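>>> Dropping a prediction and its sequence here:
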Amino acid sequence: MTSPPASASASIWSRKRDLFYLIFFIIHIPIVVLVDAVTFLPTALQTNFGLKTHADYLATYQDKLPEETAPWFCVFVFMELYYQVPLAIWAIVALIRDNPMVPVHLLVFGGHIFLTTLTCLVEMWSWEDRTFAQKRTLTMMYGPYFALGAFMALDMFFRLRGKLLGKKKLA
């Protein structure tokens, strides 16, 4: 019976944080395509299901950001389509394979979603035509992305720091 090589990585099932990130990326792709960016897609790629999901989201949560499409918000949506979705597809495979570049890419991704979501939250809480309850409900929608971005960025920072500094303690 042969043992696996010393360089074999641990299973995704034993890497709980990576498993959590994997599940997030699997869920994140359809959310971007069906809710966040559906109206930004070329008409040929828009589906009735996606347009209905987007309309239902707007009707349910009264989120002005996708309705008013401020230039900065449009840039955020395009970053979702052209940066986040491709990275999510890459990350799904990379997390399963324990690719050593995961911490580098997820540090950038985590910082990115932390800052873009923070911007959306600050904008949302400045609205005077929405009730406190509506803002709180939207915060419950955006908040997990904000928290995940912060957690992911910190997790990846400390993983990279550990690799760069080794096991040495800082004086």
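Sure, I can see it.
>>> Scan this structure for its longest helix.
Looking only at the chain and at elements set by DSSP state H, the helix with the highest residue count is helix 132-165.
>>> Mean pLDDT per element in this protein, and the minimum belongs to which helix or strand?
Lowest on mean pLDDT, DSSP states H and E among the helices and strands of the chain sits helix 64-68, with a mean of 87.
>>> Show me what whichever helix or strand comes after that helix packs onto, helices and strands only.
Tracing the chain C-terminally past helix 64-68 and defining elements by DSSP states H and E, one meets helix 71-79 next. Based on contacts counted as 3 or more CB pairs under 8 Å, 6 or more residues apart in numbering; DSSP states H and E, the elements that helix 71-79 packs against are helix 64-68, helix 102-126. Using the backbone N, CA and C atoms, a C-beta is placed for each residue, glycine as well.
>>> which of those has the lowest average pLDDT?
Considering the helices and strands packed on helix 71-79 one by one, the lowest average pLDDT is found for helix 64-68, at a mean of 87.
>>> related to what we said a few turns ago, out of the helices and strands packed on helix 71-79, deepest packed?
Mean neighbour counts were taken over the helices and strands packed on helix 71-79 using mean count of other CB atoms under 10 Å, and the top value, a mean of 18, falls to helix 102-126.
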